[in-house]
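**Q** need a 3D model of the following:
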Amino acid sequence: MMDIQTIILFSAASFALAVTPGPDMILVAARSVAQGRLAGLVTQFGVSAGSAVHAIILALGLSQLFLAIPYAYDLVRYLGAAYLFYLAWQALTARDSFSPHATSNQRDSLFVIFRQGIYSNLLNPKVALFYLALFPQFLDPSDGSVALQILLLASIFLIIDFAVHGVVIWLAGSMRSFSTSSRGFARWSRYALGLVFGGLAARLILDDQR
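**A** Sure thing, here's the model as predicted:
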């Protein structure tokens, strides 16, 4: 069993990382501004699910494939970038689906929003490498199963990350609440979300340092 000091230190490191603006925070904030708090929350559920899958992959030892086989890393990276560019194109070319007056058929379903959140995280190999860099510092084989330790640490990280991003979602959603009657704001938020997706895609392509 992991000692309480290790858990406290990891929690502090996780909090420091969670409050640092990154791709996931930008994505949930942009989604909250564009489509409201519920959409931002569902996006965060998707992001968290993607992170959980990365943690399971790490626990199984498969993440080290990215270090052993560079082409595997690049393949996932380019697939992720292509998917994000596709989401950017969808957001920029949509008509009125972001308007508060749009019909339910025009708006992205919660399942689609969740799927976009999980894929944007899952297809980012840097998340796997982040886990590889952070988690081993807090693992000790003498404390029992390393896989179980990884899953415990991942659970702590996801809870803290969800709490921090929950505050971001609430604040970002407030901007939409103040402008629900503005078609201009709906159009601006749609373009902003498209630019966020495009920027994340470009970041994946250009930032190839491991």
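**Q** can you tell me which helix or strand of the protein has the lowest average pLDDT?
**A** For the chain, counting by mean pLDDT, DSSP states H and E, helix 65-68 ranks last in confidence among helices and strands (a mean of 70).
**Q** who touches the helix or strand following it?
**A** Per DSSP states H and E, helix 65-68 leads on to helix 70-93 as the next helix or strand towards the C-terminus. When contacts are taken as C-beta atoms under 8 Å, 6 or more residues apart in numbering, the neighbours of helix 70-93 outside the stretch itself are 34, 65-67, 98, 116, 119-120, 123-125, 190-191, 193-198, 200-202, 204-205, 208, 210. In short, each C-beta sits where N, CA and C put it, glycine included.
**Q** report the buried residues of helix 70-93.
**A** Applying a neighbour-count criterion of 16 or more other C-beta atoms under 10 Å, one finds Tyr73, Val76, Arg77, Gly80, Ala81, Tyr83, Leu84, Phe85, Leu87, Ala88, Gln90, Ala91 buried in helix 70-93.
**Q** now, which of the residues you listed sits nearest Ile159?
**A** The closest of these to Ile159 turns out to be Gly80 (C-beta to C-beta; 25.0 Å).
**Q** for the closest residue to that closest one other than its chain neighbours, give me the pLDDT.
**A** Once flanking residues are discounted, Gly80 sits nearest to Leu123: 3.1 Å by C-beta to C-beta, 6 or more residues apart in numbering. The pLDDT attached to Leu123 in the predicted structure is 88.
**Q** ok, now Ala186?
**A** With respect to pLDDT, Ala186 scores 58.
**Q** what separates Thr43 from Leu65, distance-wise?
**A** Thr43 sits 28 Å away from Leu65, going by C-beta to C-beta, to the nearest Å.
**Q** show me which of these two is the more surrounded one.
**A** Between Thr43 and Leu65, counting by other C-beta atoms under 10 Å, Thr43 is the more crowded of the two (28 against 14).
**Q** am I right that that one is in contact with Arg31?
**A** Yes. With contacts defined as C-beta atoms under 8 Å, Thr43 counts as touching Arg31 at a distance of 4.5 Å.
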